[in-house]
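**Student:** predicted model and sequence below, questions to follow.
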Amino acid sequence: MTAPRGGEGNVVALPSSGEIIPDQRGGGRWMRVTWHDEVGVVVLSLWRETGCIGTVRLDRSQVPALVTALVDGLAGETGATNPDHAELS
């Protein structure tokens, strides 16, 4: 598996497990999802070209809430269901 090509045609080797999701805005932006079963986390990393610009580590127990939020969004059920996160909508 390789990352999207950067401005100079660079290719970044990635682990064999995980997923690469390009940003709809282009500009060399993309997200990598990598499972680390050895420590029970999934890492969401944000990339621009060949450099990682940020990460979020989710405990395995947090993944269902993320999946639910994504599925609800696809179903058109968006909105602030959690008042603590209303400012993110």
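**Tutor:** Sure, I can see it.
**Student:** now the helix or strand hosting Arg32: average pLDDT?
**Tutor:** Taking DSSP states H and E as the criterion, Arg32 maps to strand 29-36. Strand 29-36 carries an average pLDDT of 95.
**Student:** list the helices and strands it packs on?
**Tutor:** strand 19-22, strand 41-48 (3 or more C-beta pairs under 8 Å, 6 or more residues apart in numbering; DSSP states H and E). Heads up, the C-betas are built off the backbone N, CA and C, glycines and all.
**Student:** please point out which parts of the first one sit buried.
**Tutor:** Meaning strand 19-22. By neighbour count on 16 or more other C-beta atoms under 10 Å, the buried set for strand 19-22 is Ile20.
**Student:** in its sheet, what does it sit against?
**Tutor:** Its sheet considered, strand 19-22 pairs with strand 29-36 (antiparallel) by DSSP bridges.
**Student:** end to end, how far does stretch 23-39 reach?
**Tutor:** 28 Å (C-alpha to C-alpha, to the nearest Å).
**Student:** so which bits of it are buried?
**Tutor:** For stretch 23-39, by 16+ other C-beta under 10 Å, it's 28-30, 32, 34-35.
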